[in-house]
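Undergrad: Sequence first, then the predicted structure:
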Amino acid sequence: MNKKYFKYINTLFVVLPMTLIMAFVGLIRNYGFGEDWFFKFLNAWSIMLPVAYMAAFLIIPKARKLAEKATTETKTTQAI
């Protein structure tokens, strides 16, 4: 696979199941299994997926920097 597209596909594989789970849990909590629950689920998920996918590209780099900072500070603190 071309490394150029790896981050896009990897992010999709993370966001896809997470949004499925979140849409399902949100639907069950708010509406239960009504007569048209499946269409409500698809509607909610079709909105969640692109929003979460775009948000992931904003959040992941910042989260990576915070994690790197937290782990390097921990190493520095432990050395003292």
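TA: Arrived safely. Numbering: from 1, shown residues only.

Undergrad: Check which helices and strands the one helix or strand Ile9 maps to is in contact with.
TA: When secondary structure is defined using DSSP states H and E, the element that contains Ile9 is helix 3-30. The contact analysis (3 or more CB pairs under 8 Å, 6 or more residues apart in numbering; DSSP states H and E) places helix 3-30 against helix 37-79. C-betas here are computed from N, CA, C, even on glycine.

Undergrad: and the angle for the helix it packs on with helix 3-30?
TA: Comparing the axes of helix 37-79 and helix 3-30 via axes from the mean of the first three to the mean of the last three CA atoms, to 10 degrees yields an angle of 120 degrees.

Undergrad: Now do helix 37-79: which elements does it pack against?
TA: Applying 3+ CB pairs under 8 Å, 6+ apart, one finds that helix 37-79 makes contact with helix 3-30.

Undergrad: Next, the buried residues of the helix it packs on.
TA: Of all the residues in helix 3-30, those buried under the rule 16 or more other CB atoms under 10 Å are Thr11, Val15, Thr19, Ala23, Leu27.

Undergrad: between those residues, which is closest to Met48?
TA: Minimum distance to Met48 across the buried residues of helix 3-30 is 4.4 Å, recorded for Thr19 (CB to CB).

Undergrad: Correct me if wrong: the closest one contacts Ile47.
TA: No: shown here, Thr19 and Ile47 do not form a contact pair, counting by CB atoms under 8 Å, at 9.4 Å.

Undergrad: Show me which pair in the buried residues of helix 3-30 is furthest apart.
TA: Put simply, by CB to CB the two of the buried residues of helix 3-30 set farthest apart are Thr11 and Leu27, 23.7 Å from each other.

Undergrad: List the residues that contact the residue lying closest to Gly26 once chain neighbours are set aside.
TA: Sequence neighbours aside, Ala44 is the residue nearest to Gly26 in space, at 6.4 Å (criterion: CB to CB, 6 or more residues apart in numbering). Residues counted as contacts of Ala44 (CB atoms under 8 Å, 6 or more residues apart in numbering) are Ala23, Gly26, Leu27.

Undergrad: Output the residues you listed in TSV, with pLDDT appended to each entry.
TA: Output for the contacts of Ala44, formatted as TSV (pLDDT from 0 to 100):
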residue	pLDDT
Ala23	93
Gly26	91
Leu27	91
